[in-house]
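Asker: I would like to see how this sequence folds:
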Amino acid sequence: MRASTFLERELSQRQVALFFLLATMLYVLPLILADFPYIDDNWRTLAAGNAWAGQGRLFADWFYQALTFTGASPNIFPLPLLLATLAMSLALTRLTFHYFAEPTLACCLVPLPLWYNPFLLQNLSYQYDGPIMVLSMVAVIYAITVQGASRVQRWLVPSALLALAIGLYQISLNVFVGLCCVELLRAVHRKMQWPDILRMLGWKFAQLGLGILIYSVTAYPFMERLRRTDLLNQDANPLLQIGINFARVLEKVALLFHGGYTWVFAALVLCAIAGCVRLIQCRQHRWPTLLLCLLTLPVLVLLVPGITLLFRDFNEGARTLMGFGVLLLWLFYLAHLALASGHRRLPWLLIIPLLATLSLSFAYGRVLTLQKTFASSALFSLSHDIAAHRELREAKRIYLSVSYSDRWLVSATGSFRQLPVLHYLLNVDYFMLAENLPSAGITNVVAERERRNATRVGYQGFPALVDSLYYRVYLIGDYGFIVMKEPPHGRLLQW
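Answerer: Numbers count the residues shown, from 1 in each chain. Down below sits the predicted model:
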């Protein structure tokens, strides 16, 4: 009886913050335990480099310079992620009190999908970029919820926060526009008059315009010229290109809906439809409300990739799908309306899709650990072969040719088969980079890009000095060439 009373009673701001701190930390725990340097982390750690300003993300440079008390970015993982997670827990607390005047524990489940976004796991995998992306989302949440005492504060503070968010990670714009759609539903549910709703939307987008203006005079001038022109190819049909890009995103998102996840999210959609009906019934003029609900859904679906659809070099990686979290939040908000109208304890059913996503996080953490174990084994083998041959140790340069294949990580085959989205989230189809070798004391290995087509033509006709399971090493004069092999096609053992 006491537990039931606790679950249904109003929570204080401190209690809500503690809940989100626990929930957010639990979600990133598998990634912290895996401690896997992810893609860009390899060269950033080697050079203690930042180079975000050239990408239009000047404030990311400032963040690491302030946090490390240097002019560069030495690796201090997991401290940045822990701080960013703490900031996110505070932001979600603020968003909860923004949506619910007297929140219960079940109400706290509604904004949690912003963090328990399955595709956000790839963002969080980056030891350097992950915390920056999180802080960008935090700035967006505060921009949505800030309530200034004066008109100037209500105008400038959200705009400055949006400029900060864009200067940390431009794709967070998708999250802001998506949260504006949720604000629209919230205004309808509070029975605001349509002129007030339109005024509120106009105010939000005016803040967005000013935020972009502030960004354009602060971080944007530092962006490299090539990045400034990275928009749709004008020689092709822009609408056709956007359609092709969006179709590719849908194919990737569909990987999530496999097995029990399909039924869980189908039930969530049905609850959201019931919530939409409930929302329409509470309004006197029902047709505009119905039209509003029908319009916000395609907008939110389009915002899953959002502005990335406009890029000439389209990136279909999971880290660009931050808008999927807002779509989940929209579904959770409507589902909560439906469930709360049925019984005060029914909103607790929302914990089921959250547990499904949490389970996916732990499964992904184990895959990262398997990838790390395999890469470490291959690194040990290569470093041993180089150290064991004097000619390779004394070579002026050894060029490494990266071979890409998604069939090396055989230990995760079962997980990939049961949860196809894990392979999409991992997005690592190599097991060795030149930046890995210095960690084993090997300093004369460089990436192939430093000598165009070096490995393609430099070793032809020469016998391999080393022929390993993973690679061949050739030596021609004072220069070596490491050529990664394709994985064997042998069958996996059935246990």
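Asker: what's around Tyr404, how many residues?
Answerer: 11 (other Cβ atoms under 10 Å). The way it works is simple: take the backbone N, C-alpha and C, and place the C-beta from them, glycine included.
Asker: give me every residue that touches it.
Answerer: 429-430 (Cβ atoms under 8 Å, 6 or more residues apart in numbering).
Asker: Give me the phi and psi for it.
Answerer: Main-chain dihedrals, Tyr404, degrees, to the nearest 10: phi -100, psi 130.
Asker: what about it, distance to Met484?
Answerer: 9 Å (Cβ to Cβ, to the nearest Å).
Asker: try Ile141
Answerer: The value you get for Ile141 to Met484, if Cβ to Cβ is used, is 43 Å.
Asker: When those two are compared, which one has more neighbours?
Answerer: Between Ile141 and Met484, Ile141 has the larger neighbour count (other Cβ under 10 Å), namely 26 against 22.
Asker: Give the burial count for the closest residue in space to the more buried one that isn't next to it in sequence, as a bare number.
Answerer: Distances taken as Cβ to Cβ, 6 or more residues apart in numbering put Ala91 closest to Ile141, at 4.1 Å, once the chain neighbours are dropped. Other residues lying near Ala91 total 25 when counted by other Cβ under 10 Å.
Asker: just checking, Ala91 is part of a strand?
Answerer: No. Assigned with DSSP: H, G, I helix; E, B strand; the rest coil, Ala91 falls outside any strand and is helix.
Asker: Now do the contacts for it.
Answerer: Going by Cβ under 8 Å, 6+ apart, Ala91 touches 137-138, 141-142.
Asker: Top of those residues by number of neighbours, please.
Answerer: Result: Met137 is most packed of the contacts of Ala91 (other Cβ under 10 Å), 30 neighbours.
Asker: Quickly list the domain ranges of the protein.
Answerer: According to automatic domain parsing, the chain comprises the domains 2-344, 381-484.
Asker: closest to Leu321 among the contacts of Ala91?
Answerer: Met137 (12.8 Å; Cβ to Cβ).
Asker: before we move on, the earlier item: quick one: the domains of the chain as JSON lines, columns for mean pLDDT and distance to Gly365 too.
Answerer: Converted to JSON lines, the domains of the chain look like this (pLDDT from 0 to 100; distance: least, Cβ to Cβ, whole Å):
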{"stretch": "domain 2-344", "mean pLDDT": "89", "distance to Gly365": "2"}
{"stretch": "domain 381-484", "mean pLDDT": "83", "distance to Gly365": "10"}
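Asker: I'd like those domains written out as CSV, with distance to Phe374 added.
Answerer: Listed next are these as CSV, based on distance: least, Cβ to Cβ, whole Å:
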stretch, distance to Phe374
domain 2-344, 11
domain 381-484, 6
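Asker: just so I know, which of those lies nearest Ala363?
Answerer: domain 381-484 (6.0 Å).
Asker: before we move on, what SS does Gln127 have?
Answerer: Following three-state DSSP, Gln127 is assigned to coil.
Asker: let me fix that: Phe314
Answerer: Quick answer, by three-state DSSP: Phe314 is coil.
Asker: so Phe59 makes contact with Gln170?
Answerer: No. Using Cβ atoms under 8 Å as the test, Phe59 is too far from Gln170 to be in contact (11.3 Å).
Asker: circling back to that earlier point, what distance do you get for the residue nearest to Ile141 to Pro103?
Answerer: According to Cβ to Cβ, Ala91 and Pro103 sit 15 Å apart.
Asker: Give me the number of neighbouring residues for Ala165.
Answerer: Ala165 has 27 nearby residues by other Cβ under 10 Å.
Asker: can you pull the contacts of it?
Answerer: 136-137, 139-140, 143, 172-173, 176, 211.
Asker: Is it located within a helix, as I assumed?
Answerer: Yes. Counting by three-state DSSP, Ala165 is part of a helix.
Asker: start the count at 80, not 1, going forward
Answerer: OK, 80 is where the count begins now, so the last one is Ala244.
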